[in-house]
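Chemist: With the sequence up front, the predicted model follows.
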Amino acid sequence: MKRSIFYLGLAVLATACAPKQTVYLSDLDLSYMTSGWGTPKADSSVTGTPLSIAGTVYERGVGSHASSEMAFTHDGSAGRFTAMVGLDDNATDTGTVEFYVFTDKGLAFSSGVMRTGDPAIPVDVNLRGVQELFLMATTTADGQAYDHANWADAQFTCNSVPQPTDRYIHEEPYLLTPPAAATPRINGAKVYGVTPGKPFLFRVATTGERPINFSATGLPEGLVLDAETGIISGTSPARGEYPVAITASNSKGECIDTLKIVSGDKLALTPHMGWNSWYIHLLGVTQKDMEDAARAMVSTGLADYGYCFVNIDDGWMIKVNSDDPVIGGPLRAKDGTILCNENFPDMKAFTDLAHSLGLKAGLYTSPGSATCGGYAGALNHEEQDAKTFAEWGFDFLKYDWCSYGWDVKNDSNDPDYFRKPYIKMNQYLRALPRDIVYNLCQYGMDNVWEWGAEVGGQSWRTRGDIGGPSLVDNMFSMGFFQGTIKDYSGPGGWNDPDYLLFGDIYDFETGGTKRSDMSPSEQYTCMTLWCMISAPLIFSGDITTLDEFTLNVLCNAEVIAVDQDPLGKSGYCISDESMIEVWEKPLADGSWAVSVFNRRPTDATVEVDWKKLGYGQVKQVRDLWRQVDMGDIGAVSELEIPRHGCMMFKMVK
Ligand code: GLA
């Protein structure tokens, strides 16, 4: 009797808590769901066809495209989220996607890698006690082609329906980088490539209390070091390798370091570091902005960490077909020389200023008739423009495809079509009397990483633009993708996943300025990842309004040393467990940079089995962001890593 009362009690309880309603995911506001391509669709695939997975057609559900994410808040009441996940049958090629459901308690579901044609996998998540819920469909290493990700039959069966919410979760900035010591420390590149007989300029990037006195032994003939500024200038020596011992000393102590000058055929023996005007000034950039940027690079201390290129992006030329008195007018002088618009009255004055500070100056143009912003490009004037850029004193050229595809069509399916404009400009650049670092920008077409070095590039953008409304998604997808093309990057030619967008950046919605959309943890992740993959470190936010947090992300000497490591290897992923990734990168001194990334939408206590990853018996471990030695980390560590955050170590095995 007692027993049956007990069972009756349970039944009553179950009825009282029984889910009262079923709400389909496709009935909710899908504007909260992000999509790697197109827009998520209710009750159809992302391309508008009926939802279909491995031949089964579903009436209800949501069709998205990886990488895609939707976040919800929930009151913790009982309920379930159920769905059948898989790739839509409509794709003309095979896509690969991983589906995840996370709650604030951690991982609730993961599908593993799914391909087009795989049977749907059921999802069933208990919502009791859940405050936050995240539905995610992520791309895999092969990129985001045909990743038509379906949440078929997706429904909430519950008392109260989880509410879609903006993914942005506020995170207070936190500082990891300790202040630089007062004693001198030489930072940045330790190996520097130049061409014999061309002008030489190198600023020894050094932190520490000023004044600092610089001296050098082993400096080749033709070069002088300014004792006060640490700027080495002159004419590049004859072909050969020149190890130069540089001493930086002040009242607190001294630092001796070796800079290896390699005079030969290769520039950019370490990834370039600097600043670019695009994501703060857009097309409105002026000469004054550039001069302010050059001065700020020194006054903020960025130059003391190795940042040295000050690069003008699009918008310095005359705008095609514009009658605006400032930017309109004839595109070229009578002799064909490219003309600057009125925002740039004296290019030479800008490069002179940059050089006087020991910095380098960069410029932008397109192989097409017009740049992406509609300004005059170099088509049919390539040689003349290259010469003009050198006369003006530039040290860097970003060559942006833009209108080239319309101007020069590939009607005969020429296999070298994508390379040709880059080969052409390279030939003129190399004939110039100065070294010009050559950055190919064509968004990764025709797997540019496979031939970027061959056509003379020192770096090549591997994907589209990082900035805009999907900055965070772009940072993740472009950055983490680079591990798969690691073998194409190295001294003299680097994969370029685009700029560092920290601090204040251009707001494409309002035309004003806004704080970076990346949370503080995401900014640390971006900087860490870029250094792990030996990416060019080109900051493109406002260099004149740098706050303490942004400087601490940009200026950690030990983190930057991983990027600038002379071995020049690109890092790669060695473990990926449901969006917790561990990456490693071999360094020149035989040690390893190892980073742990939490790509999950929630904070995580991450268990890392060092032994399994080959780091079971390390002699030394240093936390690079905090710049502290960690002692014995044991075979397994538990690391607290915020959502989208990371930790970065240097390990000696
Ligand atoms: C393209 C490039 C950007 C920027 C703009 C300028 O979109 O990828 O980096 O240079 O052009 O118009």
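Modeler: Arrived safely, thanks for sending.
Chemist: Walk me through which strands the host helix or strand of Ala154 pairs with, and which way each runs.
Modeler: Assigned by DSSP states H and E, Ala154 belongs to strand 148-158. With DSSP bridges as the test, strand 148-158 is paired with strand 21-24 (antiparallel), strand 61-65 (antiparallel), strand 79-87 (antiparallel).
Chemist: which residues touch Glu607?
Modeler: Glu607 is in contact with 636-639, counting by C-beta atoms under 8 Å, 6 or more residues apart in numbering. For every residue, glycine as well, the C-beta is placed using N, CA and C.
Chemist: so what's the closest residue to the ligand within the stretch 401-550 of the chain closest to, chain neighbours aside?
Modeler: As assessed by C-beta to the nearest ligand atom, the ligand sits closest to Asp465 within the stretch 401-550 of the chain, at 4.6 Å. Nearest non-adjacent residue to Asp465, counting by C-beta to C-beta, 6 or more residues apart in numbering: Asp498, 6.6 Å away.
Chemist: cool, Ile466 as well?
Modeler: Distances taken as C-beta to C-beta, 6+ apart put Asp498 closest to Ile466, at 3.8 Å, once the chain neighbours are dropped.
Chemist: I'd say that neighbour and Gly468 touch.
Modeler: No: here Asp498 does not reach Gly468: they are 11.1 Å apart, not a contact under C-beta atoms under 8 Å.
Chemist: who's more crowded, the two?
Modeler: Using other C-beta atoms under 10 Å, the more surrounded residue of Asp498 and Gly468 is Asp498, with 26 against 14.
Chemist: show me where pLDDT drops low in this structure?
Modeler: 1-19, 168 (pLDDT under 70).
Chemist: Okay, Ala227 and Lys360: tell me how far apart.
Modeler: Distance of Ala227 to Lys360, given as C-beta to C-beta, to the nearest Å: 22 Å.
Chemist: And these two? Which one has more around it.
Modeler: Neighbours of Ala227 and Lys360, each counted by other C-beta under 10 Å, are more numerous for Lys360; the result is 26 against 13.
Chemist: is it true that Glu98 touches Arg115?
Modeler: No: the criterion here is C-beta under 8 Å, and Glu98 misses it with Arg115 at 10.7 Å.
Chemist: which one of the two has more residues nearby?
Modeler: Glu98 (22 against 13).
Chemist: For the more buried one, give me its contacts.
Modeler: For Glu98, the contacting residues are 110-114, 137-138, 140, by C-beta under 8 Å, 6+ apart.
Chemist: same thing with Pro162?
Modeler: Counted by C-beta under 8 Å, 6+ apart, Pro162 has contacts 72-74, 81, 127, 130, 133, 156.
Chemist: now Ala189
Modeler: Listed by C-beta under 8 Å, 6+ apart, the contact set of Ala189 reads 205, 259, 269-270, 306, 564.
Chemist: Return the distance of it relative to Val204.
Modeler: Ala189 is 10 Å from Val204, by C-beta to C-beta.
Chemist: Name the residues contacting each of these two.
Modeler: Common neighbours of Ala189 and Val204 (C-beta under 8 Å, 6+ apart) are Leu259.
Chemist: I'd like the contacts of Glu607 as CSV, with distance to the ligand appended.
Modeler: Below are those laid out as CSV (distance: C-beta to the nearest ligand atom, whole Å):
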residue, distance to the ligand
Val636, 43
Ser637, 39
Glu638, 41
Leu639, 35
